[in-house]
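Participant: Here you go, sequence then predicted model.
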Amino acid sequence: MTEPIQTIKVFVNQENCITFTCPACSKPASIKVESLKKKISPLKVRCACKTIFSLDIDFRRFYRKQTNISGTYRSIQPHSIREDDVLIVNLSREGIGFRVFTGQKIKTGDKLELKFNLDDKKTTSLRKEVDVINVDGDFIGCRFAGKEIFEQALGYYLQR
(Lines give C-alpha, C1' and ligand atoms only; values in the text may rest on other atoms or scores of the structure.)
Protein backbone atom coordinates (compact mmCIF):
# COMPACT_ATOMS: atom_id res chain seq x y z
CA MET A 1 0.00 0.00 0.00
CA THR A 2 1.40 3.42 -0.96
CA GLU A 3 1.52 6.30 1.48
CA PRO A 4 -0.70 9.28 0.71
CA ILE A 5 1.16 12.10 -0.99
CA GLN A 6 1.90 15.04 1.30
CA THR A 7 0.77 18.46 0.07
CA ILE A 8 2.78 21.57 0.90
CA LYS A 9 1.28 25.06 0.54
CA VAL A 10 3.72 27.49 -1.13
CA PHE A 11 3.41 31.18 -2.00
CA VAL A 12 4.78 32.87 -5.11
CA ASN A 13 7.24 35.65 -4.33
CA GLN A 14 7.75 38.92 -6.25
CA GLU A 15 10.20 37.23 -8.64
CA ASN A 16 7.52 34.65 -9.64
CA CYS A 17 9.36 31.86 -7.79
CA ILE A 18 8.36 29.39 -5.13
CA THR A 19 10.75 27.98 -2.56
CA PHE A 20 10.09 24.75 -0.70
CA THR A 21 11.85 21.87 1.04
CA CYS A 22 11.38 18.15 0.53
CA PRO A 23 9.37 16.71 3.43
CA ALA A 24 11.57 13.58 3.49
CA CYS A 25 15.16 14.83 3.08
CA SER A 26 14.70 18.59 3.77
CA LYS A 27 16.53 19.51 0.57
CA PRO A 28 15.53 23.08 -0.47
CA ALA A 29 14.49 23.95 -4.01
CA SER A 30 13.19 26.92 -5.99
CA ILE A 31 11.16 26.93 -9.17
CA LYS A 32 10.11 29.76 -11.51
CA VAL A 33 6.33 29.44 -11.79
CA GLU A 34 5.19 32.10 -14.25
CA SER A 35 4.37 29.44 -16.85
CA LEU A 36 2.44 27.40 -14.25
CA LYS A 37 -0.32 29.96 -13.58
CA LYS A 38 -2.77 28.13 -15.82
CA LYS A 39 -1.75 24.62 -14.72
CA ILE A 40 -3.83 22.56 -12.34
CA SER A 41 -2.85 22.82 -8.69
CA PRO A 42 -1.64 20.90 -6.76
CA LEU A 43 1.53 20.22 -8.72
CA LYS A 44 3.25 16.85 -8.21
CA VAL A 45 7.00 17.02 -7.56
CA ARG A 46 9.66 14.29 -7.35
CA CYS A 47 12.71 15.10 -5.25
CA ALA A 48 16.20 13.73 -6.00
CA CYS A 49 15.65 11.41 -3.00
CA LYS A 50 12.71 9.86 -4.97
CA THR A 51 10.04 11.25 -2.62
CA ILE A 52 6.90 12.40 -4.43
CA PHE A 53 4.85 15.21 -2.91
CA SER A 54 2.45 17.93 -4.05
CA LEU A 55 2.77 21.70 -4.06
CA ASP A 56 -0.36 23.78 -3.61
CA ILE A 57 0.74 27.04 -5.28
CA ASP A 58 -0.85 30.30 -4.15
CA PHE A 59 -0.38 33.11 -6.70
CA ARG A 60 -1.94 35.82 -4.49
CA ARG A 61 0.02 39.05 -4.31
CA PHE A 62 -0.61 39.49 -0.60
CA TYR A 63 -0.87 37.26 2.44
CA ARG A 64 -4.44 36.36 3.36
CA LYS A 65 -5.10 36.17 7.12
CA GLN A 66 -7.79 33.76 8.31
CA THR A 67 -10.26 35.46 10.65
CA ASN A 68 -13.53 34.89 12.48
CA ILE A 69 -15.00 38.42 12.74
CA SER A 70 -18.67 39.42 12.79
CA GLY A 71 -19.77 42.37 10.72
CA THR A 72 -22.54 43.78 8.56
CA TYR A 73 -22.90 44.77 4.94
CA ARG A 74 -25.22 46.98 2.95
CA SER A 75 -25.62 47.26 -0.77
CA ILE A 76 -24.34 50.34 -2.58
CA GLN A 77 -25.25 49.02 -6.03
CA PRO A 78 -27.77 47.51 -6.62
CA HIS A 79 -29.90 48.99 -3.85
CA SER A 80 -32.23 45.98 -3.74
CA ILE A 81 -30.10 44.08 -1.20
CA ARG A 82 -30.98 44.87 2.41
CA GLU A 83 -28.42 45.27 5.23
CA ASP A 84 -27.46 41.97 6.82
CA ASP A 85 -24.90 40.21 9.03
CA VAL A 86 -21.72 38.52 7.75
CA LEU A 87 -18.87 36.45 9.13
CA ILE A 88 -15.52 37.70 7.81
CA VAL A 89 -13.33 34.65 7.26
CA ASN A 90 -10.23 36.24 5.68
CA LEU A 91 -8.54 39.59 5.10
CA SER A 92 -5.64 40.80 2.98
CA ARG A 93 -4.21 44.17 1.96
CA GLU A 94 -6.43 44.26 -1.11
CA GLY A 95 -9.47 42.20 -0.25
CA ILE A 96 -11.81 40.40 2.07
CA GLY A 97 -13.75 37.14 2.12
CA PHE A 98 -16.93 36.60 4.10
CA ARG A 99 -19.92 34.31 4.52
CA VAL A 100 -23.55 35.42 4.42
CA PHE A 101 -26.27 33.84 6.52
CA THR A 102 -29.35 34.51 4.40
CA GLY A 103 -30.17 33.70 0.81
CA GLN A 104 -29.73 37.21 -0.54
CA LYS A 105 -28.78 37.49 -4.19
CA ILE A 106 -25.28 38.98 -4.12
CA LYS A 107 -23.66 38.79 -7.55
CA THR A 108 -20.25 39.39 -9.09
CA GLY A 109 -19.97 43.10 -9.87
CA ASP A 110 -22.13 44.28 -6.93
CA LYS A 111 -20.75 47.08 -4.75
CA LEU A 112 -21.13 46.70 -0.99
CA GLU A 113 -20.14 48.55 2.17
CA LEU A 114 -18.81 46.39 5.01
CA LYS A 115 -18.62 47.47 8.66
CA PHE A 116 -16.69 45.43 11.20
CA ASN A 117 -14.36 45.67 14.18
CA LEU A 118 -10.97 44.00 14.06
CA ASP A 119 -10.20 41.61 16.91
CA ASP A 120 -7.15 43.67 17.91
CA LYS A 121 -6.54 45.39 21.28
CA LYS A 122 -8.38 48.53 20.20
CA THR A 123 -11.21 46.63 18.44
CA THR A 124 -10.53 48.99 15.54
CA SER A 125 -13.71 49.87 13.67
CA LEU A 126 -13.47 49.69 9.86
CA ARG A 127 -15.86 50.65 7.10
CA LYS A 128 -14.82 49.46 3.65
CA GLU A 129 -16.36 49.74 0.20
CA VAL A 130 -15.84 46.56 -1.80
CA ASP A 131 -16.43 45.19 -5.28
CA VAL A 132 -17.72 41.61 -5.35
CA ILE A 133 -15.40 39.51 -7.53
CA ASN A 134 -16.34 35.94 -6.52
CA VAL A 135 -19.54 34.28 -5.29
CA ASP A 136 -19.44 30.61 -4.29
CA GLY A 137 -22.57 29.59 -2.43
CA ASP A 138 -22.58 31.53 0.86
CA PHE A 139 -18.94 32.67 0.39
CA ILE A 140 -18.35 36.13 -1.09
CA GLY A 141 -14.88 37.26 -2.20
CA CYS A 142 -14.31 41.00 -2.61
CA ARG A 143 -11.65 43.53 -3.55
CA PHE A 144 -11.42 46.79 -1.59
CA ALA A 145 -12.59 49.82 -3.58
CA GLY A 146 -12.60 53.55 -3.08
CA LYS A 147 -9.86 56.08 -2.51
CA GLU A 148 -8.25 54.63 0.59
CA ILE A 149 -7.86 50.96 -0.26
CA PHE A 150 -5.10 50.28 2.26
CA GLU A 151 -5.10 51.77 5.72
CA GLN A 152 -2.56 51.63 8.49
CA ALA A 153 -4.76 49.86 11.08
CA LEU A 154 -5.40 46.99 8.67
CA GLY A 155 -1.69 46.77 7.85
CA TYR A 156 -0.75 46.41 11.52
CA TYR A 157 -3.50 43.86 12.01
CA LEU A 158 -2.30 41.70 9.11
CA GLN A 159 1.26 41.66 10.47
CA ARG A 160 0.38 40.15 13.83
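Facilitator: Ah, there it is.
Participant: For residue 152, grab phi and psi.
Facilitator: Backbone geometry at residue 152, expressed as degrees, to the nearest 10, gives phi -60, psi -40.
Participant: okay, now it: neighbour count?
Facilitator: Residues lying near residue 152 (other Cβ atoms under 10 Å) number 8. All C-beta spots, glycine's among them, are computed from the backbone N, C-alpha and C.
Participant: Distance of it relative to residue 121?
Facilitator: 15 Å (Cβ to Cβ, to the nearest Å).
Participant: now do residue 83
Facilitator: Counting by Cβ to Cβ - residue 83 and residue 121 are separated by 28 Å.
Participant: More neighbours: those two, which one.
Facilitator: Per other Cβ under 10 Å, whichever of residue 83 and residue 121 has more neighbours is residue 83, with 11 against 7.
Participant: what's that one in contact with, if anything?
Facilitator: By Cβ atoms under 8 Å, 6 or more residues apart in numbering, the residues touching residue 83 are 72, 73, 74, 75.
Participant: These in strands, which ones?
Facilitator: Among the contacts of residue 83, the ones falling in strands (DSSP state E) are 72, 73, 74, 75.
Participant: okay, now the domains of the chain?
Facilitator: The chain breaks down by automatic domain parsing into domains covering 7-58, 65-159.
Participant: now those domains as TSV including mean pLDDT?
Facilitator: Below are those laid out as TSV (pLDDT from 0 to 100):
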stretch	mean pLDDT
domain 7-58	83
domain 65-159	87
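Participant: Other residues contacting stretch 92-101?
Facilitator: By Cβ under 8 Å, 6+ apart, stretch 92-101 touches 60-65, 71, 73, 84-91, 106, 114, 128, 130, 133, 138-144, 149-150, 154-155, 158.
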